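Novice: task: produce atomic coordinates for the following.
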Amino acid sequence: MIRHIVMWKLRDKADATMLKERLEALNGCIPGLIQLQVGIDFLQSPQSADLVLVVDLESRQALDIYQQHPEHQAVVPLVKAAAVSRTVADYEV
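Specialist: Coordinates of the predicted model:
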């Protein structure tokens, strides 16, 4: 299993709820996606990310499918426009 984690700092924290909803809508839409969770930071410390995505996928191939899938690609421009920075980690579980 592969875990894909992405954390963003947002230009406007008010966008977090909309982005959470759009990302969570990917659950059940993409082959090989086991689970997708999105969290909004509540501490709001200088070190905190504003939004975090945790995706569990069946395999590395499923990660490739997820990243190229049209449903995922439709959300990418929204997140890019809202984000100031992005950090990502992918690892085997």
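Novice: the strands in the chain, which residues?
Specialist: 2-10, 33-40, 51-57, 83-92 (DSSP state E).
Novice: so which of those strands is the most surrounded?
Specialist: strand 51-57 (a mean of 20; mean count of other C-beta atoms under 10 Å). Where C-beta positions appear, they are placed from N, C-alpha and C, glycine not excepted.
Novice: the longest helix in this protein is where?
Specialist: In terms of residue count, the longest helix belonging to the chain (DSSP state H) is helix 70-82.
Novice: residue 88 pairs with what?
Specialist: Going by DSSP bridges, residue 88 is paired in beta bridges with residue 6.
Novice: start at 130, not 1
Specialist: Okay, using 130 as the starting number, the last item reads as residue 217.
Novice: and it, what pLDDT?
Specialist: Note for residue 217: predicted pLDDT of 98.
Novice: isn't it up against residue 134?
Specialist: Yes. Residue 217 lies in contact with residue 134 (C-beta atoms under 8 Å); the separation is 6.8 Å.
Novice: related to what we said a few turns ago, now the angle from the longest helix of the chain to strand 162-169?
Specialist: Angle, helix 199-211 to strand 162-169, by axes from the mean of the first three to the mean of the last three C-alpha atoms, to 10 degrees: 20 degrees.
Novice: ok so, going back, need the strands of the chain in CSV with distance to residue 146, can you?
Specialist: Shown next, in CSV, are the strands of the chain (distance: least, C-beta to C-beta, whole Å):
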stretch, distance to residue 146
strand 131-139, 11
strand 162-169, 7
strand 180-186, 10
strand 212-221, 15
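Novice: who wins for proximity to residue 155 among those strands?
Specialist: Among these, strand 162-169 comes nearest to residue 155, with 5.6 Å by C-beta to C-beta.
Novice: point out the other helices and strands that the closest one packs with.
Specialist: Secondary-structure packing of strand 162-169 (3 or more C-beta pairs under 8 Å, 6 or more residues apart in numbering; DSSP states H and E): helix 145-153, strand 180-186.
Novice: that one pairs with which strands, parallel or anti?
Specialist: Here, using DSSP bridges, strand 162-169 pairs with strand 180-186 (antiparallel).
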